[in-house]
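Asker: Turn this into a model:
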Amino acid sequence: MTTHFFNHAEINHVISGKTKRLVAVSFGCFSSFIYSQQIPQDSAEATIQTVEILGRRSKAYTSDYSFAATKIAMKNKDIPLTLNTVTKELINDRQAFQLGDVMKNVSGVSPSSYYNQYNIRGISQNEEGQFINGLRTRQYYFLQPLTANIERVEVFKGPASITMSSVDPGGTINMVTKKPLDVARHEVSISAGSFDTYRTTADLTGPLNKKKTILYRFNGAYQSAESFRDHVENNGFLISPSISFIPNEKTSVNLELIYNDLHGNLDRGQPIFGAVAGKTNLKSTPTSLNLGAPTDYFKTKELIITASLAHYFTKNISFNLSYMKQFWRENLEEHRTTNSFVPDIDNSPINNLA
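Answerer: Okay, here's the model as predicted:
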């Protein structure tokens, strides 16, 4: 053993044979022990038992990126917005049949009515506050849409959501639809729930040619459901086909069609019965009471056509173009209250309960 300055030791020769102990003493009266051993050359090689490692792909409920916020694909951590995402994995596991069921998984968001309207950070959202693939649309206000064609739902909170061309200070809801895949997948599901809820969905996707430059996807769903309220039902029919043309790794063209046919009733709730002398009795009528007529209905049909083009010139420069055309028709017939207090016992109007 030889030593150098600053008490740095270096071993030049190792003693062969059995284990030996070397003692190194430094200037500060500090000793350390070094053990060394040399394996004889004639020793046999040892074979250890085979170790098999099994891995499982992680199934997470999170999404790492968003396209709608900045119109380019960016990671959520790089977006200067408060963004919450509900992925299709969570939608399927929670059996969230409608958008209102999806919103139960987002903090700071609560329904403001029985319709497709929400409070985001305490501010009620207007009927133009929902987007599809980052494009503003007027839809789904009274009857909630089905989620069979939804890849994920993004909720942008706060006034910064104005970047989505929305003026809602509370936030914006963006629904991202499913796109064609280059792997063949076929899925059909049947579900049932409370209040005579029945649902059937189909999700088909895959390539149309061997080069996998033309891809397709078809999403369809039918749902029939009643409610805890008498004579209230919600039936929906959805068809959403899409085709993608991907000639190379830099260019992609997508054409998508969404057709919704919703038929149901508008649940206007109940007036405050038993409002006498400033006191109310919420149990004066059952929650199942419906003041409307059994023949009331609300029908809406909607057709959305979307086309998009994406091209990457370089790794840092890209071009995105999207266009949406929407058609819808609504038909309503109902009996409803004026959302005011009923008269008291003397048939005098009650303006407030103060």
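
Asker: Name the spans of the stretch 251-354 of the chain whose pLDDT lies under the cut-off.
Answerer: Across the stretch 251-354 of the chain, the ranges flagged by pLDDT under 70 are 271-279, 337-345, 349-354.

Asker: So which residues of the stretch 201-350 of the chain form helices?
Answerer: Counting by DSSP state H, counting those that start in this stretch, one finds no helices in the stretch 201-350 of the chain.

Asker: All the strands of it, residue numbers only.
Answerer: 214-226, 233-245, 251-264, 297-312, 318-333 (DSSP state E, counting those that start in this stretch).

Asker: helices or strands next to the fourth one in the packing?
Answerer: It refers to strand 297-312. Applying 3 or more CB pairs under 8 Å, 6 or more residues apart in numbering; DSSP states H and E, one finds that strand 297-312 contacts strand 251-264, strand 318-333. Every residue, glycine included, has its C-beta placed from N, CA and C.

Asker: hey, which of those strands is tucked in deepest?
Answerer: strand 251-264 (a mean of 18; mean count of other CB atoms under 10 Å).

Asker: roughly how far is that strand from the heart of the chain?
Answerer: 18 Å (CA atoms, centre = their mean, to the nearest Å).

Asker: And for stretch 201-217?
Answerer: For stretch 201-217, the distance to the chain centre is 23 Å (CA atoms, centre = their mean).

Asker: Including distance to residue 77, could the strands of the stretch 201-350 of the chain go into a markdown table?
Answerer: Converted to a markdown table, the strands of the stretch 201-350 of the chain look like this (distance: least, CB to CB, whole Å):
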| stretch | distance to residue 77 |
| --- | --- |
| strand 214-226 | 29 |
| strand 233-245 | 28 |
| strand 251-264 | 25 |
| strand 297-312 | 22 |
| strand 318-333 | 20 |
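
Asker: Of the ones you listed, give the one that comes closest to residue 53.
Answerer: Proximity to residue 53, assessed across the strands of the stretch 201-350 of the chain by CB to CB, is greatest for strand 214-226 (34.3 Å).

Asker: where does residue 101 land in three-state SS?
Answerer: Three-state assignment for residue 101 (DSSP: H, G, I helix; E, B strand; the rest coil): helix.

Asker: what about it, how many neighbours?
Answerer: Residue 101 is flanked by 15 other residues according to other CB atoms under 10 Å.

Asker: Now do the same contact list for the closest residue to it other than its chain neighbours.
Answerer: By the measure of CB to CB, 6 or more residues apart in numbering, the closest residue to residue 101 outside its immediate chain neighbours is residue 94, 6.8 Å from it. The contact partners of residue 94, taken as CB atoms under 8 Å, 6 or more residues apart in numbering, are 101-102, 104-105.

Asker: Among those, which pair sits farthest apart?
Answerer: Applying CB to CB across these, the maximum distance is between 101 and 105, 8.5 Å.

Asker: Domain-wise, how is this structure divided?
Answerer: Under the assignment automatic domain parsing, the domains of the chain span 2-36, 65-333.

Asker: And these: which comes nearest residue 54?
Answerer: domain 65-333 (21.7 Å).

Asker: Fine by me, thanks again.
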